[in-house]
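[1] Sequence plus predicted model, see below.
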Amino acid sequence: MKRTIPLIITSVTALVLILSQATMLGRKLEIPKILDRYYLLAQAGAFMLGSIGRTRLHLQNIIRRREGYAYSIVLLVALWGFFILGLFQTSNGRVYQWVFNATLPHLESTTFAVIAFYIASAAYRAFRMRNIDSSILLITGALVILGSVPIGEAMWKALPSIKTWIMNVPNSAVQRGLQICIRVGSFAVALRVLLALERAHVGRGSD
Amino acid sequence: MKWSRLSSLDVRWIYVVFLVVLVIPMFRPLGLPMSITPEVRDYANTIESLPPGSVVWIGADYSPGSAAENNPQLAATFRHCMMKGHKVIILELWEQAPDIVRSIVDPIAREMGKVYGVDYVNLGYKPGGGVAVLAMTRDIKTASAGVDISGTKLENFPLMQQVTALQKGQVQLVISINTGSPGYADYLNYVTDPLGIPFLSCPTAGMLTGQMPFYRSKQIRGLLPGLAGAAQYEIWLKQPGDACRQMDAQSLGHLIVLLFVALGNIGYFASRKEKGGASK
C-alpha cells in the first residue's frame, strides 16, 4: 500500500491534468486554474515537510554527537531562527531583512568567489593537449574565453567574430541535438510515470 | 631551467597571481574598449522599440551566487525600461532573489522618481517554478496569493488593475534574468512561445551555450550574456556602471587562466620530451 497508493495518485493526477488541458470541459470548468492553486499550496507545504524531516535528521546528529554535528547546530539555528523571525516580522521586517542581507548573500558570494580560484587551478592542471580531442577543446575554449572579454578584442580584432561563429554554428548544432534528445527522454519518462512503470519516486522497499 | 617544472607549479602561486590580477583593475580600471555584439544590440533595440507605457514582465530568477553577473543585467534593464516609460512587473521564482532584486530596483526607481504600484510592481517570490509561471498566464492574483512582495493586496496597485494575466495584449515583453532552473526555459515553454510574446534573456555566461540556439531561431529576440553583456548594454545606454568597472577584472582573470594553462602545457610537453630522451 505504501507504494501502490502514491502510484495511483500520480497516475490519476497526471490523467486529470492531461484531460483538463486537452478537453473543452476541462477548460470550461477551469480545472487547470484550480489544480495550479493546489500545486502551489502543495509546493509550499512540501517546504514545511522538508524542514521537519531535516530537523529530525540533524537533531539525531546532535544528540548522538556524530562527526560534524556542529554544522547541524548551525543549520537548525538558521532554519528555525529565520522561521521564528518570519512569524513575528514577516519577511519584510527590518531585523529579518538585516539578518538575511548580512549573512546569506555574503556567504554565497564568498563561496562562488572561492570557486573562481579552484577553477583557475583546475584549468591549469586539467587542460593538457594530450591528444587531438583535448587539443580541439583547449583551442576552442581559449578562443571563446578571449573572444568574450575586451582584452581579447584588444589583442586581435577578429576574436569576437570567431567566438560568435563558434557559439552560433558548432555550439548551436550540438545544443539542438542535446535538447531534442532531452525532450524525447523527458516525454518517455512522463509516459512511464503516467503508466506507473516508473517507480523511482516512490522509493524502494516492500508495500 | 627545467621547463618540465612548469607542469607542476604550486597552485598557491596561481591563487596569489589570480587575486592580484583581479584586485588591481578594481582600483585602477584599464578602460579597455568594448564593441557591442549583435545579440546585445538586439536586446537593447527590442526594449527601445516598444511604445512608452508598454508592460514589461521581468523574471528575476537567481541567487547571491550569480549576483555579480545578474545584478548589473537587472539594473541596466530596469533603468532602460524606466527611461522609456515602460511599466514593469517583477516575479522571482528563486526564494533568495526578492531581497537582492529589491535592493537593485528600488533605489533606481527612487532616483528616477518612479512610483511603486504605478510604474512597477514586485510580486516577490512565488514557489512552483514553471507551474507558477503557467498559473500567472491564467490569473496573476490567484497565482500570487493576491499579494506583492510586501504582502500588500494587488488590487491596491493601478498597474495590477491594468494587468490581470501574463497574456499577449496585457504584457508586451517578457525578460528572464536567469542562472538556472527555474528560469528562462519556463518562460519559453509556457509563456512566450505558446502565447507569442517577445522574449529576451539575460543568462550568466556559463548558460549562454544552451540559449544560443533559441536566439538563432528568434525564440529569444536578444541576449545579455553574463557580465560582458551587461557591460556592453551599459555602453549602449551611455551609462557605464558596475558591469563596465568589473569587466577589466574579468578580462585579466580570463587572460591569467589561459596563461597558466599555456604554462602547464609547455611543462607537459617538456616533461614528455625529457622522458623520451631518458628512455633512449
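    Noted; the coordinates are in hand. Residues are numbered from 1 along each chain as shown, chains lettered A, B, ... in the order given.

[2] chain center to the one helix or strand in chain A whose mean pLDDT sits lowest: distance?
    Sorted by mean pLDDT, DSSP states H and E, the helices and strands of chain A end with helix A:24-28, the least confident at a mean of 82. Distance, stretch centre to chain centre, for helix A:24-28: 33 Å (CA atoms, centre = their mean, to the nearest Å).

[3] So which residues of chain A form helices?
    A:4-22, A:24-28, A:31-63, A:69-89, A:94-126, A:132-147, A:150-155, A:159-166, A:172-194 (DSSP state H).

[4] With mean neighbour count as new columns, can those helices be given to me in TSV?
    All C-beta atoms are positioned from the backbone trio N, CA, C, and that covers glycine. Formatted as TSV, the helices of chain A follow (neighbours: other CB atoms under 10 Å in any protein chain shown):
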stretch	mean neighbour count
helix A:4-22	13
helix A:24-28	11
helix A:31-63	14
helix A:69-89	13
helix A:94-126	15
helix A:132-147	16
helix A:150-155	19
helix A:159-166	18
helix A:172-194	13
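
[5] could you dump those to CSV with distance to B:Ile104?
    Output for these, formatted as CSV (distance: least, CB to CB, whole Å):
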stretch, distance to B:Ile104
helix A:4-22, 36
helix A:24-28, 39
helix A:31-63, 25
helix A:69-89, 22
helix A:94-126, 12
helix A:132-147, 28
helix A:150-155, 24
helix A:159-166, 28
helix A:172-194, 30
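
[6] Quick one: closest of those helices to B:Gln219.
    With CB to CB as the criterion, B:Gln219 lies closest to helix A:172-194 of these, at 11.6 Å.

[7] Let me know the angle separating that closest one from helix A:4-22.
    Helix A:172-194 runs at 120 degrees relative to helix A:4-22, counting by axes from the mean of the first three to the mean of the last three CA atoms, to 10 degrees.

[8] Map the structural domains onto the sequence of the chain.
    You didn't say which chain, so I picked chain A. Listed by automatic domain parsing, the domain ranges of chain A are A:1-89, A:128-207.

[9] Can you look at chain B instead?
    B:3-29+B:248-279, B:38-224.

[10] so which of the ones you listed is the most packed in?
    A comparison of those by mean neighbour count, using mean count of other CB atoms under 10 Å in any protein chain shown, puts domain B:38-224 on top with a mean of 20.

[11] how about the strands in the stretch 101-250 of chain B?
    Using DSSP state E, counting those that start in this stretch, the strands of the stretch 101-250 of chain B run over B:120-125, B:173-178, B:199-203, B:222-223.

[12] Quick one: the ones you listed as TSV, columns for distance to chain A too.
    Below are these laid out as TSV (distance: least, CB to the nearest CB, whole Å):
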stretch	distance to chain A
strand B:120-125	8
strand B:173-178	16
strand B:199-203	12
strand B:222-223	10
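
[13] how about the closest residue to chain A within the stretch 151-280 of chain B, secondary structure?
    Nearest to chain A, among the residues of the stretch 151-280 of chain B, is B:Ser251, at 3.8 Å (CB to the nearest CB). Under the three-state scheme (DSSP: H, G, I helix; E, B strand; the rest coil), B:Ser251 adopts helix.

[14] Now do the contacts for it.
    Shown in contact with B:Ser251 (CB atoms under 8 Å, 6 or more residues apart in numbering or on different chains): A:Val149, A:Pro150, A:Ile151, A:Gly152, B:Pro25, B:Leu30, B:Leu32.

[15] coming back round to it: out of the helices of chain A, which gets the lowest mean score?
    Ranked by mean pLDDT, the helices of chain A bottom out at helix A:24-28, with a mean of 82.

[16] related to what we said a few turns ago, okay if I get the domains of chain A as a markdown table plus distance to B:Glu95?
    Shown next, in a markdown table, are those (distance: least, CB to CB, whole Å):
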| stretch | distance to B:Glu95 |
| --- | --- |
| domain A:1-89 | 9 |
| domain A:128-207 | 23 |
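
[17] Report how many residues lie close to B:Gln232.
    The local packing of B:Gln232 (other CB atoms under 10 Å in any protein chain shown) involves 26 other residues.

[18] So which bits of the stretch 151-280 of chain B are right by chain A?
    Residues of the stretch 151-280 of chain B lying close to chain A (CB under 8 Å from any CB of the partner chain) are B:151, B:205, B:208-210, B:212-213, B:216, B:225-226, B:228, B:247-248, B:250-258, B:260-261, B:263-265, B:268-269.

[19] Which of these fall in helices?
    Among those, the ones falling in helices (DSSP H) are B:208-210, B:212-213, B:216, B:226, B:228, B:247-248, B:250-258, B:260-261, B:263-265, B:268-269.

[20] Can you list phi and psi of A:Gly68 for me?
    Torsion angles at A:Gly68 (phi, psi; degrees, to the nearest 10) stand at phi 80, psi 20.

[21] Setting the sequence-adjacent residues aside, check what's closest to it.
    Spatial nearest neighbour of A:Gly68, excluding adjacent residues (CB to CB, 6 or more residues apart in numbering or on different chains): A:Asn61 at 7.5 Å.

[22] looking at the helices of chain A, which is closest to B:Asp106?
    helix A:94-126 (12.1 Å).

[23] what's the closest one packed up against?
    Secondary-structure packing of helix A:94-126 (3 or more CB pairs under 8 Å, 6 or more residues apart in numbering or on different chains; DSSP states H and E): helix A:69-89, helix B:11-27, helix B:67-83, helix B:97-111, helix B:242-279.

[24] same thing but 7 Å
    Judged by 3 or more CB pairs under 7 Å, 6 or more residues apart in numbering or on different chains; DSSP states H and E, helix A:94-126 is in contact with helix A:69-89, helix B:11-27, helix B:97-111, helix B:242-279.
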